[in-house]
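**Student:** Sharing a sequence plus its predicted fold:
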Amino acid sequence: MKRLTPYLLLVPALLFTLFVLIYPLIQNLINSLSDVSMITGSSGWAGLQNYQNVFEDALFWRSFRNTAVYAIAGTVLALVIGLGFALLLNLKLGKFSTIMGCLYTIPWVISPVVAGFAWKWLLNDNFGIVNFWLSYAGIVPIGTTWLGDPGTALLSVMVARVWQFYPFAMVMFLAGMQSIPQEQYEAAAVDGATMVRRFFYITLPNLKAVGSVLLVLGVIWSFNDFNMVFVMTRGGPMNSSMVLPVLVREFSFVHFDLGKGSALSIIIFGLLTTLSFLYLKVVSRGEPS
Amino acid sequence: MKKALVVSVMIVLALLVLLPVLWTISTSMKPLNEVNKCPPQWTSPTMSFKPYSDMFFYLPFSTYTLNSLIVATSATALTLLIGCLAAFSLSRFAFAGKDIFLLIILLSQMLPGASVIIPLFQLLRHAGLYDTYLGLILVHTAVLLPFVIWLMHGFFQTIPRDIEDAALIDGCSRMEALRRVILPLALPGIGATALFAFLGSWNEFFFALILTSSDSTRTIPVGIGLFVGEYLDVWNQMAAAAVLFSLPPLILFVLTRKTFIKGLVAGAGK
């Protein structure tokens, strides 16, 4: 009995994991190989037909490209901004830095749906403050439709996403900076190193580990991000900002083709699992063994 | 002189970063004809809290709020209960299969919602739980669980074993030791974890959107997310809803800033 205790304590958690992870994945795999339509309710063996349908769909490739751009460019941008903010906060101006740190973190605390709403309204073509300022300064013509133009929709959503994600990078970088041994800077100061050199030769190398974790984690999270795109553009106009998670919903619950949606979600799972293993590798490499 | 420059740069950056927030607050207090005005104005003499009361009148936001509270509170309680047991097991016992379980937990944290949503949807429909509180609570619990176990595991490990051993020698059983010694000591950590769980469920949009279909079960993010597309003309009421909805997370964040940031760093660094 005593030897069973650790397992018994895990049973409830295991049941939930089974329910949210293992069962849905297996069912998804079965769905993706069957002909399931919510309209007819029929279900028969379809082989790899659903996968073929996905791969032959130009929209899939377009969404894939969009998702990659959104996840990679967005994360890199957020990391650069986060690093900049962390450097400013690390100047240690006492209470002032604390308050600013708090204010800079707010975008991370706000719900993605609210963030999407706020940015959508900010970028509104007629009544948004961004358009007003930019057109006043003569940078863009009056009434620029950021979210309604296929050329700028994805970029606009990405800006909102960067806005939400950079505080996380900032907090992590700041924690990283504060754990750098002070002696390194003192030694550099004695040697007469300039601030710029100290940054490139001490700060940056010390942040490599946390930076690579952030990069992989950020790409995984952004790759999975449904909220921001759905709230701001729903993938439009003309699918110009369509990303894979939104496309799963589109296939499954708008076109009612569960088979195709399942196939796509298995493909996403494959991509994400690869990325996750990359993350595990990065994390374990960063740990002192 | 240099310090003054840094300070002013930092203040300007803060204003820039908070622009979407400030603009939403400004919008939430303006009457509709002021909202749809070009050039846009930050303040107007007719500003009031009227959109806030209008919002509750025209849109079903009081129902949404109630739904969000019920779902988030129940999911938090359930997750904490199950998560505590699992984390206790993982941090205090050595047993076969432990590493595999930890790996599953870590991987399920990365699992894309999109790749489980369809079977979950089918499962809930078969079980009669589609579009119910219970269905959403169970799914939120499952989604939050890995992260909660991960966090609690960390907190439990910071409690010295000696204290627990002393309790065992004094004649406590393992479970009594958990209840009487470990849980009270881990209380601050549990509090922080509860906060994460509550915010996770409160802000969750994807599952709530797809697994509910009627106003009587929809949560606030779903209400906001759907209305952003449909009721474009009532921007001020939508902004009011967004502000109210963001208040609980913001207040909780300010109150628990230190633990919050510590948890963030710990959770992702492990």
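**Tutor:** Great, that's in hand. In this text, all values refer to a predicted model and were calculated from it rather than measured experimentally.

**Student:** hey, let's count contacts and neighbours off CA atoms from now on
**Tutor:** OK.

**Student:** Scan the chain for its longest helix.
**Tutor:** No chain was given, so I picked chain A. Criterion DSSP state H: the longest helix present in chain A is helix A:58-89.

**Student:** The chain in question should be chain B.
**Tutor:** For chain B, the helix with the greatest residue count under DSSP H is helix B:61-92.

**Student:** Any idea how many residues pack against B:Ala14?
**Tutor:** 17 (other CA atoms under 10 Å in any protein chain shown).

**Student:** residue contacts, it?
**Tutor:** Listed by CA atoms under 8 Å, 6 or more residues apart in numbering or on different chains, the contact partners of B:Ala14 are A:100, A:103-104.

**Student:** Tell me which residue of the stretch 101-250 of chain B lies closest to chain A.
**Tutor:** B:Ser115 (4.3 Å; CA to the nearest CA).

**Student:** List of residues touching the helix or strand that comes right after the longest helix of chain A?
**Tutor:** With elements assigned by DSSP states H and E, the helix or strand that comes after helix A:58-89 is helix A:95-109. With contact meaning CA under 8 Å, 6+ apart, helix A:95-109 is reached by A:89, A:91, A:115, A:163-168, A:171, B:10-11, B:14, B:17-18, B:249-250, B:253-254, B:257.

**Student:** Only the buried subset of these, as a PyMOL command please.
**Tutor:** A single PyMOL command is used to select the members of those judged buried by 16 or more other CA atoms under 10 Å in any protein chain shown:
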select buried, (chain A and resi 89+115+163+164+165+166+167+168+171) or (chain B and resi 10+14+17+18+249+250+253+257)
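
**Student:** how does chain B divide into domains?
**Tutor:** Per the record, chain B has its domains at B:2-48, B:53-269, by automatic domain parsing.

**Student:** Out of these, which is the most enclosed?
**Tutor:** domain B:53-269 (a mean of 19; mean count of other CA atoms under 10 Å in any protein chain shown).

**Student:** residues contacting B:Thr43?
**Tutor:** With CA under 8 Å, 6+ apart, B:Thr43 has these contacts: B:26, B:30.

**Student:** isn't there a helix covering it?
**Tutor:** No - secondary structure of B:Thr43 (DSSP: H, G, I helix; E, B strand; the rest coil): coil, not part of a helix.

**Student:** rewinding a little: what does the residue of the stretch 101-250 of chain B closest to chain A show for phi and psi?
**Tutor:** Torsion angles at B:Ser115 (phi, psi; degrees, to the nearest 10) stand at phi -90, psi 0.

**Student:** Let me know the pLDDT of it.
**Tutor:** B:Ser115 is assigned 77 on the pLDDT scale.

**Student:** so how far is A:Ser262 from it?
**Tutor:** Applying CA to CA, to the nearest Å, the value for B:Ser115 to A:Ser262 is 7 Å.

**Student:** Which elements pack onto the helix or strand that contains B:Trp202?
**Tutor:** Using DSSP H and E, B:Trp202 sits in helix B:187-203. Applying 3 or more CA pairs under 8 Å, 6 or more residues apart in numbering or on different chains; DSSP states H and E, we find helix B:187-203 packed against helix B:61-92, helix B:133-157, helix B:257-269.

**Student:** ok, and what's touching the helix or strand following the second one?
**Tutor:** So that's helix B:133-157. Following helix B:133-157 in sequence order, the next helix or strand is helix B:161-169 (DSSP H and E). Helix B:161-169 is contacted from outside by B:174, B:177, B:181-182, using CA under 8 Å, 6+ apart.

**Student:** Residue ranges in the stretch 1-150 of chain B under the pLDDT threshold?
**Tutor:** B:1 (pLDDT under 70).

**Student:** brain fart, chain A
**Tutor:** Low-confidence segments of chain A, defined by pLDDT under 70: A:1-2, A:37-43, A:285-289.
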